[in-house]
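Asker: Quick one, what's the 3D model for this:
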Amino acid sequence: MTRPQGITVIRVPLDDNDDAAFWYSILDDDVDGTPLYYRPFLERKAARCVAAVTAVARAAPGGVVVHCGIGRDRTGLVSLLLLALAGVGAEAIIADYTVSEERLRRYFEADDDPVAARLALRGTTIAEALNELLGDVDVEACLLAAGLRPGDLTALRERLLTD
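Answerer: Numbers count the residues shown, from 1 in each chain. Predicted coordinates for the structure are as follows:
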């Protein structure tokens with residue numbers, strides 16, 4: 001497919017498929033593809049999250065699109081991080097994430113979101129899982145400790161918070 005002139009694609013692989021032990025632990029715990037994998041991912045792969053956030057901070061002027069295969073799991077995590085770094089509150093971040101649930105029902109060809117159903121079996125919801133994560137994890141401190149440069153954090157906030 002030909003891209004229109006002026007569009008630059010920067011691929012930032014978030015997943016580390018060579019880390020089989022991590023992925024088997026996520027699969028064995030049945031949290032892959034749910035917000036419950038965000039915390040262990042941040043604990044083990046924070047540098048990859050820094051790479052994604054840094055790519056947005058350093059992108060050329062103009063719009064930036066973040067996307068993955070479906071647009072909710074890795075995109076959801078990166079969006080959550082970007083919004084948290086911009087100072088957006090948990091309630092608005094959760095509302096942003098749940099838009100995907102509504103839109104993906106057509107993709108799953110079901111009335112119910114399978115992620116929500118899996119979380120229900122664990123006694124939680126998407127909103128509760130995200131709220132717990134956002135209440136427990138200081139995103140800024142986590143990413144700065146993993147190598148996010150203060151100048152990139154400033155550039156990211158300027159990009160996200162200015163007209």
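
Asker: what about Leu143, distance to Thr54?
Answerer: Here Leu143 is placed at a distance of 9 Å from Thr54 (Cβ to Cβ, to the nearest Å). Heads up, the C-betas are built off the backbone N, CA and C, glycines and all.

Asker: the more surrounded of these two?
Answerer: Per other Cβ atoms under 10 Å, whichever of Leu143 and Thr54 has more neighbours is Leu143, with 26 against 19.

Asker: Identify the residues contacting the residue nearest to the more buried one when sequence neighbours are not counted.
Answerer: Nearest residue to Leu143 in three dimensions, chain neighbours excluded: Val50, at 5.4 Å (Cβ to Cβ, 6 or more residues apart in numbering). Counting by Cβ atoms under 8 Å, 6 or more residues apart in numbering, Val50 touches Leu143, Ala146, Gly147, Leu148.

Asker: quick one, what contacts the residue nearest the centre of the chain?
Answerer: In the chain, the centroid-proximal residue (Cα atoms, centre = their mean) is Leu77; its distance is 1.2 Å. Counting by Cβ under 8 Å, 6+ apart, Leu77 makes contact with Leu14, Tyr38, Phe41, Cys49.

Asker: any idea how far it is from Tyr97?
Answerer: Going from Leu77 to Tyr97 by Cβ to Cβ gives 10 Å.

Asker: And for Ile7?
Answerer: To Tyr97, Ile7 is 26 Å away according to Cβ to Cβ.

Asker: The two - which one has more neighbours?
Answerer: Tyr97 (21 against 10).

Asker: my guess is Val64 contacts Arg58, does it?
Answerer: No. If you go by Cβ atoms under 8 Å, Val64 and Arg58 don't touch, sitting 10.1 Å apart.

Asker: Look up phi and psi at Asp138.
Answerer: Backbone torsions of Asp138, given as degrees, to the nearest 10, read phi -90, psi 100.

Asker: That one: neighbour count?
Answerer: A count of nearby residues for Asp138, using other Cβ under 10 Å, gives 11.

Asker: Tell me the pLDDT of it.
Answerer: Asp138 is assigned a predicted lDDT (pLDDT) of 97.

Asker: what do you get for Pro114?
Answerer: At Pro114, pLDDT is 81.

Asker: That one - how many residues pack around it?
Answerer: A count of neighbours around Pro114, defined by other Cβ under 10 Å, yields 13.

Asker: List of residues touching stretch 90-106?
Answerer: If you take Cβ under 8 Å, 6+ apart as the criterion, stretch 90-106 is touched by 35, 70-72, 76, 79-80, 83-84, 111-113, 115-116, 126-127, 130-131, 134-135.
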